[in-house]
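[1] sequence-free structure coming up:
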């Protein structure tokens, strides 16, 4: 009911990238690809192929939805920069979409039972003993179709064990791939979360899921100017951390 012809969606927060496009006839096409290296980044060529395959012109694009993280730093940097550049050149708006909700939406495409779950808990960007947790419940009246429960944040196992917010997860479906910290997964399951056991071991994250969310968010008025589009990082980028450690006086002045 929220289909928007001319909407492009970009998902590059995970290991496999993808782009999706709803053409002027309402049909959806999607392309998936492996990320490139510094000499060959496939995102823009894949977008170009997608537009050509759907017989659309760049001027037919009306908005761009982009998965904004948490996720891989390089992928987010590339996808957000591309979305900003294309949107600014065409004079259109962008729709930021939480990558955690993209996982939930992408998984629900293949597993409709998620819509009946009491809540869905997405675990991403695990590093240094912590992981980004985003708990939501399917709600057709909420912007994007998912209502967030609590505040998404990076938490450690001790924080999960200490906080009442994570003590009652009965009926909650946990979406976590094999790269997540097993001690945090264990702590969540001890509190009632049930790990998703769908058709694949790794919950999917696709531009198709991003597109569906972006269309609903756009209908709810969540589109923003491209210059306002920003990534969500669960923690300070490592390059920034290292620079601050080497230049403590400069970082103190900027703080």
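    Everything's here; your move. Values in this document were obtained by computation on a predicted structure and should not be read as measured data. Residues are numbered from 1 along each chain as shown.

[2] excluding chain neighbours, what is closest to residue 202?
    Nearest non-adjacent residue to residue 202, counting by C-beta to C-beta, 6 or more residues apart in numbering: residue 177, 4.2 Å away. For every residue, glycine as well, the C-beta is placed using N, CA and C.

[3] need phi/psi at that neighbour.
    Here the main-chain torsion angles of residue 177 (degrees, to the nearest 10) amount to phi -80, psi 180.

[4] from what I can see it touches residue 204, true?
    No: counting by C-beta atoms under 8 Å, residue 204 is not a contact partner of residue 177; they are 9.8 Å apart.

[5] between the two, what contacts are shared?
    Shared contacts of residue 177 and residue 204, defined by C-beta atoms under 8 Å, 6 or more residues apart in numbering, are absent.

[6] for stretch 101-121, which positions count as buried?
    Applying a neighbour-count criterion of 16 or more other C-beta atoms under 10 Å, the buried positions in stretch 101-121 are 101-108, 111, 114, 117, 119-121.

[7] gap between the two ends of it?
    End-to-end distance for stretch 101-121, by C-alpha to C-alpha, to the nearest Å: 9 Å.

[8] and for stretch 13-21?
    18 Å.

[9] before we move on, what about stretch 122-131?
    End-to-end distance of stretch 122-131 (C-alpha to C-alpha): 10 Å.

[10] figure out how far it is from the centre of its chain.
    Between the centre of stretch 122-131 and the centre of its chain there are 14 Å (C-alpha atoms, centre = their mean, to the nearest Å).

[11] nearest spatial neighbour of residue 76, chain-adjacent residues omitted?
    Nearest to residue 76 is residue 231, by C-beta to C-beta, 6+ apart, at 4.3 Å.

[12] how many neighbouring residues does residue 27 have?
    Neighbour count of residue 27, defined by other C-beta atoms under 10 Å: 11.

[13] how about the strands in the stretch 51-200 of the chain?
    63-67, 93-97, 119-127, 130-138, 146-156, 172-175, 194-195 (DSSP state E, counting those that start in this stretch).

[14] strand partners of the fifth one, parallel vs antiparallel please.
    By that I understand strand 146-156. strand 130-138 (antiparallel) (DSSP bridges).

[15] so the residue nearest to residue 76: helix, strand or coil?
    Here residue 231 is coil, with the state taken from DSSP: H, G, I helix; E, B strand; the rest coil.

[16] how about it, what does it touch?
    68-69, 76-77, 80.

[17] most neighbours among the residues you listed, which one is it?
    Neighbour max across the contacts of residue 231 (other C-beta under 10 Å) = residue 69, 28 neighbours.

[18] if I look at the residue nearest to residue 114 when sequence neighbours are not counted, how far off is residue 41?
    Nearest non-adjacent residue to residue 114, counting by C-beta to C-beta, 6+ apart: residue 108, 4.3 Å away. To residue 41, residue 108 is 30 Å away according to C-beta to C-beta, to the nearest Å.

[19] and the longest helix along the chain, what's buried?
    Taking DSSP state H as the criterion, the chain has its longest helix at helix 73-90. Residues of helix 73-90 classed as buried: 73, 75-76, 78-80, 82-84, 86-87, 90 (neighbour count, 16+ other C-beta under 10 Å).
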